[in-house]
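[1] What follows is a predicted protein model with its sequence.
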Amino acid sequence: AQTVTQSQPEMSVQEAETVTLSCTYDTSESDYYLFWYKQPPSRQMILVIRQEAYKQQNATENRFSVNFQKAAKSFSLKISDSQLGDAAMYFCAYRSGPSGTYKYIFGTGTRLKVLA
Amino acid sequence: DVKVTQSSRYLVKRTGEKVFLECVQDMDHENMFWYRQDPGLGLRLIYFSYDVKMKEKGDIPEGYSVSREKKERFSLILESASTNQTSMYLCASRHGDWGTEAFFGQGTRLTVV
């Protein structure tokens, strides 16, 4: 069975600085998707970034980028130029590829605090 | 934009009551999910439905059932609410054939007293 581990329950970053959130996962599959979701205090989960496992290139969305290490089964999220609005819970998630199950498997989350 | 709407943001119910949590999506998605979110445990899958009238148990289905009579609506039912079902409940949906990410509702915080 697949598992997702986020070992940092809480992180803090100074406004305008860079922070990296860690995520590791375990799977025997070769085709899968990885996601980072953000859950602000309003509670609506929002997709931040996604990565297809077959793509070598790391995904980037504006100030958000990932470091995807397939062999190490690591998928970290880097937030550059942190802003107060980045404060939220961040969840790493795994989903099997097209021939796999429909399930999304989530980590336990990292609470990010942004200090003014 | 995809919209996933949960019928209530907050609910307070008594032990033993039958509770219905409703979720509606407006993007013709085949797949729908109910998750439970608890501090330190992340999101745990209760049930999912890959199409109308189709459902599969997730990781923690005990004490819950679901109904999907129409494509846009997925209901979570607590047959006899208990205090250990006090939690945040999140509904999500996804396009079945080509969708990758799931889209979430705003969550329902259920308190069972």
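    Noted; the coordinates are in hand.

[2] who in chain B is up against chain A?
    Counting by C-beta under 8 Å from any C-beta of the partner chain, the residues of chain B close to chain A are B:31, B:33, B:35, B:40-45, B:48, B:50, B:56, B:58, B:88, B:90, B:92, B:94, B:100-107. C-beta: built from backbone N, CA, C; applies to glycine.

[3] Now which of the residues you listed would you call buried?
    Buried members of the residues of chain B next to chain A, counted by 16 or more other C-beta atoms under 10 Å in any protein chain shown: B:31, B:33, B:35, B:42-45, B:48, B:50, B:58, B:88, B:90, B:92, B:94, B:101-105, B:107.

[4] Among those residues, name the ones in strands.
    Those of these mapping onto strands are B:31, B:33, B:35, B:42-45, B:48, B:50, B:88, B:90, B:92, B:94, B:103-104, per DSSP state E.

[5] Quick check: bridge partners of the one residue sitting closest to the centre of chain A?
    Nearest to the geometric centre of chain A sits A:Trp36, at 3.1 Å (C-alpha atoms, centre = their mean). Beta-bridge partners for A:Trp36, by DSSP bridges, are A:Ile49, A:Cys92.

[6] Which residues does stretch A:42-58 contact?
    Defining contact as C-beta atoms under 8 Å, 6 or more residues apart in numbering or on different chains, one finds that stretch A:42-58 is touched by A:30-40, A:59-61, A:64-68, A:70, A:75, A:77, A:90-91, A:97, B:88, B:90, B:92, B:100-101, B:103-107.
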